[in-house]
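K.L.:
Fold the following, please.
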Amino acid sequence: MIRPSIPDATREYLRKIRQDIVFSDTLRGEKLDFHTTWGLFSPKSVDEGSRLLLDHLEVAADDDTLDLGCGYGPLGLTLARLAPQGISVLVDKDFVAVEYSKKNAILNNLKNVDIFLSNGFDQIAKRKFDLIVSNLPAKTGKELYYLYFYDALMRMNSGGRLYVVTISGLRQFIQRAFLEVFGNYEKVKQGQRYTVALARL
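P.N.:
The predicted structure is shown next:
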């Protein structure tokens, strides 16, 4: 069988799309530079849900924070800027996401970060947090959400907050689950497509 040849124009196209996608954005008043790649969530720009979450969360300068499912880092790296006296932990189960979050932390000269591979909370050990955030995936089982929520409950400091953003179609489930797990629920902001929810310890 003869291997088909790849036209020069296609080779050039492949070369270009193998290169990092590079952009800058201002999140909560903080200018950040990002390198991303195809295969990561929302690689060409910060997604609407993450932006809505960042615009409506409470963060103190000394909060220790966790970004669960960090992708290339828009949530966790913004929190590192907003909480310079705390530590911002970023985790993801995708090693490519973790590598790009590390790259972006260096690019933005952020030192108060700890970024590593973790399937949910399984590598978090006994660390505790004042603020946990997550842009929850829409297409997954409710079992995973319950694992995240109960694991978050065990790793929140007294007075800690868990913020999640989901597609608005999940808001009633999130309300029921937060009331079941945390005993409280607050709808912080409902946009056209996404809803930000908060639970407190």
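K.L.:
Now do the SS call for the residue nearest to the spatial centre of the chain.
P.N.:
In the chain, the centroid-proximal residue (Cα atoms, centre = their mean) is C70; its distance is 3.5 Å. Per DSSP: H, G, I helix; E, B strand; the rest coil, the local secondary structure of C70 is coil.
K.L.:
which element is the closest residue to it other than its chain neighbours on?
P.N.:
Nearest non-adjacent residue to C70, counting by Cβ to Cβ, 6 or more residues apart in numbering: L90, 3.8 Å away. C-beta: built from backbone N, CA, C; applies to glycine. Counting by DSSP states H and E, the element that carries L90 is strand 88-92.
K.L.:
who does that strand touch, helix- and strand-wise?
P.N.:
Here strand 88-92 touches strand 65-68, helix 74-82, helix 95-107, strand 113-117, going by 3 or more Cβ pairs under 8 Å, 6 or more residues apart in numbering; DSSP states H and E.
K.L.:
can you give me the offset of the shortest one from its chain's centre?
P.N.:
In terms of Cα atoms, centre = their mean, to the nearest Å, the centre of strand 65-68 is set 7 Å apart from its chain centre.
K.L.:
Could you list the residues in contact with it?
P.N.:
Contacts to strand 65-68, defined as Cβ atoms under 8 Å, 6 or more residues apart in numbering, come from residues 59, 73, 75-76, 79-80, 83, 86-91, 120-121, 124, 127, 129-134, 148, 152, 155.
K.L.:
cutoff 7 Å now
P.N.:
Strand 65-68 is contacted by residues 75-76, 79, 83, 86, 88-91, 129-134, 148 when judged by Cβ atoms under 7 Å, 6 or more residues apart in numbering.
K.L.:
Just want the angle from the top strand by length along the chain to helix 74-82.
P.N.:
Looking across the chain with DSSP state E, the single longest strand is strand 156-167. Orientation check (axes from the mean of the first three to the mean of the last three Cα atoms, to 10 degrees): strand 156-167 against helix 74-82 gives 140 degrees.
K.L.:
Which other helices and strands does strand 156-167 contact?
P.N.:
Contacts defined by 3 or more Cβ pairs under 7 Å, 6 or more residues apart in numbering; DSSP states H and E place strand 156-167 against helix 48-55, strand 129-135, strand 194-200.
K.L.:
Show me what it pairs with in its sheet, parallel or antiparallel.
P.N.:
Counting by DSSP bridges, the strands paired with strand 156-167 are strand 129-135 (parallel), strand 194-200 (antiparallel).
K.L.:
Make JSON lines from those and add mean neighbour count, distance to P4 and mean pLDDT to it.
P.N.:
Listed next are these as JSON lines, based on neighbours: other Cβ atoms under 10 Å; distance: least, Cβ to Cβ, whole Å; pLDDT from 0 to 100:
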{"stretch": "strand 129-135", "mean neighbour count": "24", "distance to P4": "40", "mean pLDDT": "98"}
{"stretch": "strand 194-200", "mean neighbour count": "22", "distance to P4": "43", "mean pLDDT": "98"}
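K.L.:
Adding distance to N112 as columns, could you present these in CSV?
P.N.:
Shown next, in CSV, are those (distance: least, Cβ to Cβ, whole Å):
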stretch, distance to N112
strand 129-135, 14
strand 194-200, 24
